[in-house]
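# Need a 3D model of the following:
(one chain, ligands or ions: 3)
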Amino acid sequence: MATVFLETITIMSITGRNVHIKTFGCQMNKLDSALVEAGLRNAGFELVGSVKEADVVLFNTCSVRDHAEQRVLSHLGHLKHIKESKPDFVVGVIGCMAQRLGVELFKQPAVDIVCGPMQIAHIPRLIEQAMKEKKKALLVTEEIRKASSDGQELERFETEFGIDDAEIPGQAFVRAMHGCDKFCSYCVVPYVRGKETSRPPEAIIEQIKKLADNGIKQVTLLGQRINAYEYKTGDKTYCLADLLYMAGEVAGIEWLRFVTSYPSEKYFDEIMKAMCAVPKVCRYLHLPAQSGSDKILKMMNRGYTSAEYLGLLDIARQIVPDISIAGDFIVGFPNETDDDFTQTVGLLKKSKYKNSFIFKYSPRPGTVADKRLEDNIPMDIKNKRNIELLKIQEQISGDLASEFVGKTVKILVEGPSKKSRRSIEDKPGDLQLIGRTAGDWIVVFDGPETLAGKFANVGITRTSPLTLFGNLV
Ligand code: SAH
Ligand code: SF4
Ligand code: F3S
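Ligands and ions are numbered 1, 2, ... in the order given. As a prediction, the model looks like this:
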């Protein structure tokens, strides 16, 4: 299934083994970067925080929208200049864009390594090769929709290295599923991440136990359609609810999350009941709607109507009354009329999301929407619809946030907030910290940096639409 394409180039011998990884895209990519980092550390490489300190730079890339790809291409353009003055420098493009574009990426003069998401186990070897043998290497999965042989190697890599801390102290991602078989008409993911495959429950639980032994407090199970998790062994079929019950038994893990869910009935009640029954499962659901118009949903090949979608939200709220829900929307899908958009506005207002992610339609080469439908909504209309949805969501989020004033919330502290390394009130020894509630609300407060990775209680004093502010209790 895998192809290796080698071509000799002139790079000098390298002594430094400092690697910097820059990650774009979704949680899957964050997880892959964490795995690659652990694999590289094991192979004697050192991970560094900037391109300046690095001998090797890897971009873990995303293809979901054109903008995501353009950002990577622009970074590669900058590296070309660095490479001119530092010929030993090695540059790799890994992840979804590597899988999508393959050999084409060598048109970028800076690029030495191109490696798809199913081949990440080979990255340490590819880097060694680029360093010692002065070779360019391409390793992507041929016939990605049929790929399975690579899976075993990836599974071994995942089992061995999926037990290290990720970027945020105390938190880790664990893959429950690979790929996606849903083929929403606009989406590139099935073409770059391959066939939908659920990992064996025992491999997942074993990994969670090891993470707990390493001090991890929160595990997020990942899948493009995590609620479709299904693993058959003997006469038993495991679904996500089973995984949640099993993971809920792992000592040391205090919070469990799962993303992203797909609006379908199968297993939905069971999963919501597990959320209610297992105290460790955070009462949070990310359930993208994409549109409120049945005509557009059909063209998107989403397989549900807006009424069916709202029915699922009702079930979720009936079973888990205090659930916090997030959504996704795409505006400016081909042929989206004002009337279609009004229906999306209607669905957004009814859904009462904690927050939603709103994207402008971006045609992706190779997808059904790109082949069959013209990208006929002008950018100014896409922008206008985007802003309108954001404004409505901001109002809803602001109202929901304000209900927290005067309450104390339990949060898992992530660390100092990016914007300010100083405390809000300038207290010596304290920093402005950031954490999240079980319902995924961001909380900003002052405290010692040593709280990162630990739970804390914060009394909320004021709010903005996306953030709660308060003081340690
Ligand atoms: N598997 C997840 C998310 C996949 S990508 C799911 O199905 O929900 C994350 C989000 O990007 C999607 O929910 C969708 O809103 C958006 N997206 C995907 N393809 C897009 C495209 N071609 N243009 C604009 N937004 C897109
Ligand atoms: Fe893309 Fe649809 Fe699969 Fe999500 S479910 S990854 S939007 S094809
Ligand atoms: Fe992007 Fe790949 Fe994730 S295309 S959204 S990084 S699965």
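# For ligand 3, see how far away the spatially closest residue to residue 46 that is not a sequence neighbour is.
Counting by Cβ to Cβ, 6 or more residues apart in numbering, residue 18 is the residue found nearest to residue 46 once chain neighbours are left out, at 5.0 Å. In short, each C-beta sits where N, CA and C put it, glycine included. Residue 18 sits at a distance of 25 Å from ligand 3 (criterion: Cβ to the nearest ligand atom, to the nearest Å).
# Residue 18: what's it in contact with?
45-48, 53-56 (Cβ atoms under 8 Å, 6 or more residues apart in numbering).
# could you flag which of those are buried?
Buried by 16 or more other Cβ atoms under 10 Å: 45, 48, 54-56, out of these.
# shaky segments in the stretch 301-450 of the chain?
420-428 (pLDDT under 70).
# May I have the phi/psi pair for the residue of it found nearest ligand 3?
When distances are taken as Cβ to the nearest ligand atom, the stretch 301-450 of the chain reaches nearest to ligand 3 at residue 364, 9.0 Å away. Per-residue torsions, residue 364: phi -110, psi 120 (degrees, to the nearest 10).
# Quick check: the closest residue to it other than its chain neighbours vs residue 65, distance?
Closest residue in space to residue 364, ignoring its immediate chain neighbours: residue 188 at 4.2 Å, by Cβ to Cβ, 6+ apart. Separation of residue 188 from residue 65 (Cβ to Cβ, to the nearest Å) stands at 9 Å.
# Now for those two: what residues contact both?
With Cβ under 8 Å, 6+ apart, residue 188 and residue 65 have common neighbours residue 364.
# Of those two, which one has the most company?
residue 188 (24 against 19; other Cβ atoms under 10 Å).
# Backbone dihedrals for that one, please?
phi -90, psi -20.
# okay, the buried ones among the contacts of residue 18 in a markdown table with secondary structure and distance to ligand 2 next?
Formatted as a markdown table, the buried ones among the contacts of residue 18 follow (DSSP: H, G, I helix; E, B strand; the rest coil; distance: Cβ to the nearest ligand atom, whole Å):
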| residue | secondary structure | distance to ligand 2 |
| --- | --- | --- |
| 45 | coil | 31 |
| 48 | coil | 32 |
| 54 | coil | 31 |
| 55 | coil | 35 |
| 56 | strand | 30 |
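# returning to what we had before: give me every residue that touches the residue nearest to residue 364.
Taking Cβ under 8 Å, 6+ apart, one finds 63-64, 96, 100, 364, 366-367 in contact with residue 188.
# related to what we said a few turns ago, which one of the buried ones among the contacts of residue 18 is nearest residue 231?
residue 45 (33.9 Å; Cβ to Cβ).
# Looking at the closest one now. What's its pLDDT?
pLDDT, residue 45: 96.
# for residue 223, same thing?
pLDDT, residue 223: 97.
# Roughly how far does it sit from residue 261?
9 Å.
# Look at those two and report which has more neighbours.
residue 223 (26 against 23).
# Quick check: chain neighbours aside, which residue is closest to that one?
residue 177 (3.3 Å).
# Show me which residues of the protein sit near ligand 1.
64-65, 186-187, 189, 224, 260, 262, 288, 290, 328, 330, 359, 361-362, 364 (Cβ under 6 Å from any ligand atom).
# Would you mind listing which of those residues are buried?
Counted by 16+ other Cβ under 10 Å, the residues of the chain next to ligand 1 give 64-65, 186-187, 189, 224, 260, 262, 288, 290, 330, 359, 361-362, 364 as buried.
# Among those, which ones are in helices?
Within those, residues falling in helices by DSSP state H are residue 189.
# what's the farthest-apart pair in the buried ones among the residues of the chain next to ligand 1?
The widest separation within these (Cβ to Cβ) is 20.3 Å, between 262 and 362.
# Which residue is the nearest non-sequential neighbour of the closest residue to ligand 3 within the stretch 1-150 of the chain?
Distances between the stretch 1-150 of the chain and ligand 3 by Cβ to the nearest ligand atom are smallest at residue 25, namely 2.7 Å. Leaving aside its sequence neighbours, residue 25 sits nearest to residue 62 (Cβ to Cβ, 6+ apart; 2.8 Å).
# Tell me, how many residues neighbour that neighbour?
Neighbour number of residue 62 under other Cβ under 10 Å is 24.
# Tell me how far it lies from residue 354.
For residue 62, the distance to residue 354 - Cβ to Cβ - is 24 Å.
# just residue 390 next, same as before
For residue 390, the distance to residue 354 - Cβ to Cβ - is 14 Å.
# Between those two, which has more neighbouring residues?
Remark: of residue 390 and residue 354, residue 354 carries more neighbours, 22 against 16, as counted by other Cβ under 10 Å.
# Just the residues contacting the longest helix along the chain, thanks.
Longest helix in the chain, counting residues (DSSP H): helix 379-402. Contact with helix 379-402 is made by 329, 331-332, 336, 341, 344-345, 348-349, 352-356, 358-361, 441, 463-468, as judged by Cβ under 8 Å, 6+ apart.
# Give me the below-cutoff pLDDT ranges for the stretch 51-200 of the chain.
148-151, 165-166.
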